[in-house]
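> give me a 3D structure for the following:
(chains A and B)
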Amino acid sequence: EAQVTQNPRYLITVTGKKLTVTCSQNMNHEYMSWYRQDPGLGLRQIYYSMNVEVTDKGDVPEGYKVSRKEKRNFPLILESPSPNQTSLYFCASSLGTGAIYEQYFGPGTRLTVT
Amino acid sequence: AQSVAQPEDQVNVAEGNPLTVKCTYSVSGNPYLFWYVQYPNRGLQFLLKYITGDNLVKGSYGFEAEFNKSQTSFHLKKPSALVSDSALYFCAVRPRIGGYQLIWGAGTKLIIKP
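Residues are numbered from 1 along each chain as shown, chains lettered A, B, ... in the order given. Down below sits the predicted model:
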């Protein structure tokens, strides 16, 4: 089944404790992206990657890191999480960067930082 | 600044009645337009898109959307609502020129009452 998977689905952590949220897609997609969803703000893009070893900042990159060493994986790293990073996070992928390509989303990771 | 507006936080419709979820945008040129749906505790799913051509676009689950260039709108519609249509709906826009990123609306919660 074609899908985007994220792990963990739920995470409660404390301020300053490094964490990684994994994202993997099995569709051989070139483009991958991380978003955070907060009430009333819609989706805001954190980072995106147009291919292996190519990443770029989105609208809200502060406090996050990403890497794209393999085409299928795009982990999101929070080196020192803070309470304002409490949010619902989505990973997405698409076949390419052209507008004809819709994005496929993972199920989401709900992160709480205390 | 480029933006997407979904003027209603919530829309309530009786089952069997037609529904409309509104989206307007402030983006230069003729952008590409998308609708995504998010069911509870799920990731976003692509519904439909407008790239070019006929202003009325048909998508998944009986939804359609009408592109209106003069009003810069892309309203989502369905002739007869189902209770299972209850979800969070997001409009997204991508400029034709300059960048690959989507500009997202804040989302509209659609509640279909039996």
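
> tell me the pLDDT of the closest residue to B:Ser3 other than its chain neighbours.
Excluding the flanking residues, the one nearest B:Ser3 by C-beta to C-beta, 6 or more residues apart in numbering or on different chains is B:Ser26, at 4.9 Å. C-beta here means a position set from N, CA and C on the backbone, and glycine is covered the same way. Looking at B:Ser26, its pLDDT stands at 93.

> so B:Ser26 sits right up against B:Gln71, yeah?
No. Using C-beta atoms under 8 Å, B:Ser26 makes no contact with B:Gln71, being 11.7 Å away.

> pairing partners for the helix or strand bottoming out on mean pLDDT in chain B, with directions?
Every helix and strand of chain B was ranked by mean pLDDT, DSSP states H and E. The lowest is strand B:103-104, at a mean of 90. Here strand B:103-104 has these sheet partners by DSSP bridges: strand B:87-94 (antiparallel).

> quick one: name the residues of chain A near chain B.
Chain A has residues A:4, A:31, A:40-45, A:48, A:50, A:58-59, A:90, A:92, A:97, A:99-100, A:102-108 near chain B, with proximity defined as C-beta under 8 Å from any C-beta of the partner chain.

> at which residues are the strands of chain B located?
B:3-5, B:10-14, B:19-21, B:24-26, B:32-38, B:44-50, B:56-58, B:64-68, B:73-78, B:87-94, B:103-104, B:108-113 (DSSP state E).

> and the ones you listed as TSV, adding distance to A:Ile77 and mean neighbour count?
Shown next, in TSV, are the strands of chain B (distance: least, C-beta to C-beta, whole Å; neighbours: other C-beta atoms under 10 Å in any protein chain shown):
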stretch	distance to A:Ile77	mean neighbour count
strand B:3-5	29	17
strand B:10-14	35	14
strand B:19-21	36	20
strand B:24-26	33	17
strand B:32-38	25	23
strand B:44-50	23	21
strand B:56-58	38	14
strand B:64-68	37	18
strand B:73-78	35	21
strand B:87-94	26	24
strand B:103-104	23	23
strand B:108-113	32	17
